[in-house]
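> Okay, sequence plus prediction incoming.
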2 protein chains.
Amino acid sequence: MTTPLLDRRDVDFLIHTWLKAGGDRETTDAVLDLSETLATQAFLPHFKRNDVEEPELVDGEVRICPAIGEALKQYAELGLFSAGFPDELGGLGLPYLISTASFAFFAAANVATAAYPMLTVANARLIAAFGTAAQVETFAKPQIEGRWFGTMCLSEPQAGSSLADVRTRAVAEGADALGERYRLFGNKMWISGGDQDVSDNIVHLVLAKVPNADGTLPEGTAGISLFIVPKLLPDGTRNDVTVAGLNHKMGYRGTANCLLNFGETGGAVGWIVGAPGEGLRQMFQMMNEARIGVGVGAAALGYRGYRLAVDYARERLQGRPPGRRSGPPVAIIEHPDVRRMLLQQKAYVEGALALCFYCARLVDTAEASPDDAALLGLLTPVAKTWPSEYGLAANDIAIQVHGGYGYTRDFDVEQLWRDNRLNPIHEGTTGVQGMDLVGRKILADGSGLPVLAARIARTAEAAEAVPGLAVHARALSEAWRSVVATTEALQGEDRRTVLDNATAFLWAFGHVVTAWLWLDQAVAAEALTDRDLADGKAWACRFFFECELPKVDAWLALVAARSDVASGAPTRIF
Amino acid sequence: MTTPLLDRRDVDFLIHTWLKAGGDRETTDAVLDLSETLATQAFLPHFKRNDVEEPELVDGEVRICPAIGEALKQYAELGLFSAGFPDELGGLGLPYLISTASFAFFAAANVATAAYPMLTVANARLIAAFGTAAQVETFAKPQIEGRWFGTMCLSEPQAGSSLADVRTRAVAEGADALGERYRLFGNKMWISGGDQDVSDNIVHLVLAKVPNADGTLPEGTAGISLFIVPKLLPDGTRNDVTVAGLNHKMGYRGTANCLLNFGETGGAVGWIVGAPGEGLRQMFQMMNEARIGVGVGAAALGYRGYRLAVDYARERLQGRPPGRRSGPPVAIIEHPDVRRMLLQQKAYVEGALALCFYCARLVDTAEASPDDAALLGLLTPVAKTWPSEYGLAANDIAIQVHGGYGYTRDFDVEQLWRDNRLNPIHEGTTGVQGMDLVGRKILADGSGLPVLAARIARTAEAAEAVPGLAVHARALSEAWRSVVATTEALQGEDRRTVLDNATAFLWAFGHVVTAWLWLDQAVAAEALTDRDLADGKAWACRFFFECELPKVDAWLALVAARSDVASGAPTRIF
């Protein structure tokens, strides 16, 4: 029997019992059934092929594993590109939460293939949000139909996380029915899906700067604008976009990752989205979703590794439990340390998925609720980072449960680990997320903190009433008080000292948030009639509170001490 | 310029200044110079080839990357197989510490190639320790000369860590000049170097059971004996050993890893080493060294990743320090979080190398000092595990420092991470080491604890006298008191509950031991005239005490609480 990609009971629990947010249950069930089936039947079978049959550059064009195209054709035919878009754009108006849950199945099955629609949908949403009607019709619609795919072109070889240093230039050359037209010149690095041979066209969304009158580029991020640069122009001719190289990655290999040159022969034609100088703001408006998307992918990879480890631990016979020296070997799930490793994975991956679902739900409610919007901003760096780091940690443990077998390519867990290693890097590294959390979301803004405080208090109050959970409620309240005390101590501190320990704060904050959501899940699970599921939530919650939450003290102590051990160390010592 | 494999100043510091154990300085320097040069010139150049040109099974024989054979030929010619053996066996009588330091350079350069001599030397040492003169002459000598290579055949497909379940049988068939002769029948799994085409012969050391009179195999580990089973018999004919398959690993690929069948056509000829039933005792006598060897390899892989990350961080220009928004980009080493990642790696890899060197030194002194022997037994599971887990963590951070580039196969850090992932698995998984530490070394034996306590007290006392270190001395003493209190609380506890949290105890114990050695290094470094080196030790020590040692509380709390969260959770919840 094939191991399920995710535990469907858990997904249903999170959406309906916990978040009470499934919308129309029949539609939701149908979408999730479809997603699980398609992911299993069309995505999972080429999981390993995607690793072995890497994208190739042939005569300047990228060829990818043909199974990707076949799977995405079905994905399009079943309306999964469009499902999250409103009716008038041909979609079902599916809540972002349900789109996210659907995506989790595909990411668990084959994240490298699932990346193409994820990027395409993000691209189309951006054009739909900020583009003109003609741009939406010409460039978003074909993506919503799954005929064209999209990319996001932010990084450049000399400017990874530092977008202020973008050097791609866009020179105005008049206007046409599609808007103000420009010619783009520059190089874009790390472009996922930057070229491939399975969609009819590719829509690049490119960050570039419009030069000043004297030809220089504006300094900083203010001068950045966003441009639609298709691979094939509306008249069917090739635009001036060429593939300068393919990056050969350790994992996530099926997603072609390119170095693209724009404007080698006359300039790539592009149309600006919205007003000049708005590029970064537009991109960041979509960034919450993109970052939650990375988190969901990471959680899903961790989740599949966990399910594989559980099945392996049930089947693999070896050794005897402590205190027994003879008799037949037992399944390794009987060994305490193996069971610890399973619980640890469960606490990580179900916790990560719950966090991402919670934030996806906030995306749906943010427009109507300023509180939810503030909380979404605060939690997004955590939703990006925590699943990326702990989903990866879960994949590491899944290998360990498999022993030597897990280290071989005959099993899937090693590839899941390699695939997942990308997630702490792209869409803003863990270090960048730490600075976003501390610098922007806590010190500069701060509006999300009281909302979070109120929700944590509400969960703790509910848990106080449940005998087995009251002890955790008190631990959570205490941990939260430590977080608050630390953030208060940071106010007015020298910015450099604060950012020295931003990553440590992110770890602490992420663990407290996850502990809160675990307790909240455990409270909700009390009502379940499925006792295996309910008890699983209770045990994993207990594990998190006993084995994980206590780690917070060490991280917070470092922040509270305003340790300058990182920035103070002179570079000559290395 | 090529990044050095290890920091030679650090290696010299550890051996001479810190451990004061270099023996004859001229010989030591010559061996280390030679090792560094050969590793750089003959091992490093095929680091990536070893990953790409994987061992192949062709007509029942394994072919490995030819560069391995060329490198090991030079390794043999320069006397590095023999260096650690006494004069009468053709060696230099090099202390184990110096052999270990030499090996660290080769492991850093190319661990998959270095594994062949490591296994060969371990094999020859075992035969030299327990074999007859004829066995030493026939089977150990050619290995000491580097003409034949050796393997260790312990695991079987159904019995990974559980040697009691070994099913390979050895049937007596008389005696000859080489000892009591047997015929072996069985399958051995995960045999590193199990076959290859670069040495003249292969000597397998095989654990097997001699059947009882009724044909059954003795139960448990008591009936296990050790046999010498060469690939080619002394008369030059092929022994009955065949390669049933090659394992395709995620990393460490150059080391051919085989499933071997013994006795498919009549029985593989083998000679017993020592008396029947002594196999496990003999093997375990060598196990300390084998486990330290794994630790050194893991530390070395982490160390090279760290050096690469330092060089990358010095060269890569991106972004600006906090508080500066314009001007040219700076080297990323200027960013606090990057510097934190470098310090963290430094604390892990230099700490891991120091731990392994300390234990290697104990191997040299254990025979003359019962205290050192007891301490060696206690620290060996830590020397195996801590570098494996934290060397791997350092490799993970090295990727992160490189950003997207680190995720590509154009850089070395991703392969180092993949190679290192084997180390927490082989030679006893982390979970097995935790049970060894708690069950055997602390609860059953316990003789190492007072020795360790005395040495920690000595270091703390010395550090008290140094202004910058006194605060760490107190933290170390306090952490040690917590460890002692926890071990005392475990005495007389139910064995199952104790082993539930053996891994958590191992983490805590490993961190306290490493903190002790960091403080001890920092004290020794005070005397250095090389201030960059000395300050580096002081900053890394401070980092470890501020950012790592505080994690111990969370682990110990779990052990002290005798949490049954692992063994108590019913299997139905997964």
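Done, it's in.
> Report the contact partners of the most far-flung residue of chain A relative to its centre.
What lies farthest from the middle of chain A is A:Ser326; by CA atoms, centre = their mean that is 47.8 Å. When the contact criterion is CB atoms under 8 Å, 6 or more residues apart in numbering or on different chains, the partners of A:Ser326 are A:320, B:219-220. Just so you know, the C-beta spots here come from the backbone N, C-alpha and C atoms, and that holds for glycine as well.
> tell me the secondary structure for A:Gly319?
In three-state terms, and counting by DSSP: H, G, I helix; E, B strand; the rest coil, A:Gly319 is coil.
> Point me to the residue of the stretch 1-150 of chain A nearest chain B.
Going by CB to the nearest CB, chain B is nearest to A:Asp7 of the stretch 1-150 of chain A, at 9.4 Å.
> Go through stretch A:15-22 and flag the buried ones.
Within stretch A:15-22, the residues scored as buried using 16 or more other CB atoms under 10 Å in any protein chain shown are A:15-19, A:21-22.
> Name the residues that touch it?
The set of residues external to stretch A:15-22 that reach it, using CB under 8 Å, 6+ apart, is A:25, A:28, A:95, A:97-98, A:101, A:354, A:357-358, A:361, A:364, A:520-521, A:524-525, A:527-528.
> what's the answer for stretch A:345-353, then?
With contacts defined as CB under 8 Å, 6+ apart, stretch A:345-353 is touched by A:6, A:10-11, A:14, A:104, A:295-296, A:298-300, A:302-303, A:305-306, A:309, A:386-387, A:390-391, A:393-394, A:397-398, A:514, A:517-518, A:521, A:536-537, A:540-541, A:543-544, A:547-548, B:574.
> Using PyMOL, define a selection of the buried residues within the residues you listed.
Once 16+ other CB under 10 Å is used to decide burial, the buried members of these can be selected in PyMOL as follows:
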select buried, (chain A and resi 6+10+11+14+104+295+296+298+299+300+302+303+305+306+309+386+387+390+391+393+394+397+398+514+517+518+521+536+537+540+541+543+544+547+548) or (chain B and resi 574)
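> mind listing which of the contacts of stretch A:345-353 are in helices?
For the contacts of stretch A:345-353, membership in helices holds for A:10-11, A:104, A:295-296, A:298-300, A:302-303, A:305-306, A:309, A:386-387, A:390-391, A:393-394, A:397-398, A:514, A:517-518, A:521, A:536-537, A:540-541, A:543, with DSSP state H as the criterion.
> ok, which of those residues also contact chain B?
A:536, A:540, A:543 (CB under 8 Å from any CB of the partner chain).
> what number of residues lie near A:Phe43?
Using other CB atoms under 10 Å in any protein chain shown as the criterion, A:Phe43 is surrounded by 28 other residues.
> so who does it touch?
A:71, A:106, A:109-110, A:113-114.
> for the biggest strand by length in chain A, packing partners?
The single longest strand within chain A, with elements called by DSSP state E, is strand A:179-192. In this structure, strand A:179-192 packs against strand A:148-153, strand A:169-176, strand A:201-209, strand A:224-230, strand A:257-262, strand A:268-272, with contacts taken as 3 or more CB pairs under 8 Å, 6 or more residues apart in numbering or on different chains; DSSP states H and E.
> got any ranges where the stretch 151-300 of chain A has weak pLDDT?
A:160 (pLDDT under 70).
> re earlier: type out the PyMOL command that picks the buried ones from the contacts of stretch A:15-22.
Buried members of the contacts of stretch A:15-22, defined by 16+ other CB under 10 Å, are picked up in PyMOL with:
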select buried, chain A and resi 28+95+97+98+101+354+357+358+361+364+520+521+524+525+528
